Every structure is written in structure tokens, then in C-alpha cells.
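Trainee: Structure for the following, please:
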Amino acid sequence: MQSGIKNTKKWYLESMDINERSLNLYFDWSSSKNIEDQIKISFNDLQSAINFAEKNNLDYEVFVPNQPKQILKSYSDNFKPKRK
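Mentor: Residues are numbered from 1 along each chain as shown. Alright, predicted model coming up:
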């Protein structure tokens, strides 16, 4: 199976606070008293996300995604005998 890269070019701003969650036994869901856990804002580039955080006095930390290692091979490589 191959993983695509569609919709992976966005930067997200979300809350980093760890809040206690409570479990509702009747409906079997978890809930939190802080609504900021549910907010996730997307940006097209890193600089606009940083500008938004600084403008609104938010603490932020940038996590740069890892670049996948590209293995280039041809279709005929699938049918070559495996050598050990």
C-alpha cells in the first residue's frame, strides 16, 4: 500500500495544553471543560501560522515534518530475481 501526499502541505495551529478528560458512562464519550482542545486552525504556509500566533499572544512550537526517503525503481525491478 502506498501513502499519498495530498493535503499534506498545510500547517496547523492547535492547543498544546494537556487537560483532564472525563468519561461519560451513559453515552460512552469523553469530554473536556476546555473548548480549546477542539480547535485546530490550518494555514497554507508556516509564516502565516507564526504571524497569527504572535499577533494573538499564543505560545507556539514548530514541528517540522520528516521528509520521506524516496526509493526510485522501475516497474521491471518487481520481476527481477531476488539475490541474497
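Trainee: Strands along this protein, start to end?
Mentor: 11-14, 22-24, 29-31, 40-43 (DSSP state E).
Trainee: Out of the ones you listed, flag the one nearest Lys69.
Mentor: If you check each of those against Lys69 by Cβ to Cβ, strand 11-14 wins as the nearest, at 22.4 Å. The C-beta positions use only the backbone N, C-alpha and C, and glycine is treated the same way.
Trainee: on contacts alone, who are the packing partners of that closest one?
Mentor: Strand 11-14 sits against strand 40-43, helix 46-55, with contacts defined as 3 or more Cβ pairs under 8 Å, 6 or more residues apart in numbering; DSSP states H and E.
Trainee: who's in contact with the residue positioned nearest the centre of the chain?
Mentor: What sits nearest the mean C-alpha location of the chain, by Cα atoms, centre = their mean, is Tyr12, with 7.2 Å. Residues in contact with Tyr12 (Cβ atoms under 8 Å, 6 or more residues apart in numbering) are 40-43, 49.
Trainee: out of these, which are buried?
Mentor: When the contacts of Tyr12 are checked for burial by 16 or more other Cβ atoms under 10 Å, the buried set is 43, 49.
Trainee: Pick the one among the contacts of Tyr12 closest to Arg21.
Mentor: Out of the contacts of Tyr12, the member with the shortest distance to Arg21 (by Cβ to Cβ) is Lys40, at 16.8 Å.
Trainee: what about the nearest residue to the closest one once chain neighbours are set aside, how many neighbours?
Mentor: With Cβ to Cβ, 6 or more residues apart in numbering as the criterion, Lys40 has its nearest non-adjacent residue at 4.6 Å, and that residue is Glu14. Per other Cβ atoms under 10 Å, the neighbour tally for Glu14 reads 12.
Trainee: Kindly report the same for Val62.
Mentor: Residues near Val62, counting by other Cβ under 10 Å: 9.
Trainee: Just the pLDDT for the nearest residue to it once chain neighbours are set aside.
Mentor: What sits nearest to Val62 in space, not counting adjacent residues and going by Cβ to Cβ, 6+ apart, is Leu46, at 7.0 Å. For Leu46, the pLDDT comes out at 90.
Trainee: Touching, Leu46 and Pro65? I think so.
Mentor: No: the pair Leu46 / Pro65 is not scored as a contact, 10.8 Å apart, by Cβ atoms under 8 Å.
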